[in-house]
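> this is a predicted model, with the sequence first.
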Amino acid sequence: MIYKPSKFDAIKSLHPNAEWFWTGTEYDGLNWISQDIQKPSEEEIETELSRLMQVYNANQYARLRSAEYPSIESLIVALWESVVEGRETSVHALEQIRQTIKEKYPK
């Protein structure tokens with residue numbers, strides 16, 4: 001499951017190699033350990049969180065599609081039947097389901 005980005009994600013995105021810990025959820029609780037990397041400002045964190053949320057929201061269709069697509073097991077069985085057994089019925093049925101879901105949740 002993909003979760004919404006948080007301030008934690010924003011800090012990791014800004015400085016992936018930094019060492020820090022947080023006590024609470026407010027900026028005052030951000031304890032910066034890395035001496036060689038400057039601690040981001042509260043505004044920088046909020047700006048990055050906003051950017052991450054835009055990316056998250058732009059991919060809403062993909063999360064919705066993923067929840068309704070056929071399982072990997074169904075896809076494997078359909079491919080096996082098509083390639084090994086020469087029966088294409090399952091492949092066509094899954095492709096129809098896939099197209100219906102794509103139409104339901106367009107990009």
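Good, I have the coordinates. Residues are numbered from 1 along each chain as shown.
> can I see the domain layout of this structure?
Here the domain assignment for the chain is 1-58, 60-107, based on automatic domain parsing.
> and residue 19, how close does it get to residue 74?
44 Å (Cβ to Cβ, to the nearest Å). All C-beta atoms are positioned from the backbone trio N, CA, C, and that covers glycine.
> strands of this protein, start to end?
Assigned by DSSP state E, the chain shows strands spanning 20-22, 30-32.
> let me know which of these is tucked in deepest.
Using mean count of other Cβ atoms under 10 Å, the stretch among the strands of the chain with the greatest mean number of neighbours is strand 30-32 (a mean of 15).
> that one pairs with which strands?
Strands that pair with strand 30-32, judged by DSSP bridges, come out as strand 20-22 (antiparallel).
> about what we covered before: any chance of the domains of the chain in CSV, plus mean pLDDT?
Converted to CSV, these look like this (pLDDT from 0 to 100):
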stretch, mean pLDDT
domain 1-58, 94
domain 60-107, 93
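> tally of neighbours for residue 10?
A count of nearby residues for residue 10, using other Cβ atoms under 10 Å, gives 21.
> do I have it right that it meets residue 52?
Yes: checked against Cβ atoms under 8 Å, the pair residue 10 and residue 52 is within contact range at 6.0 Å.
> what touches both of these two?
Applying Cβ atoms under 8 Å, 6 or more residues apart in numbering, one finds that no residue jointly contacts residue 10 and residue 52.
> residue ranges of the helices in the protein, please?
Taking DSSP state H as the criterion, the chain contains helices spanning 7-14, 42-58, 60-68, 72-83, 89-104.
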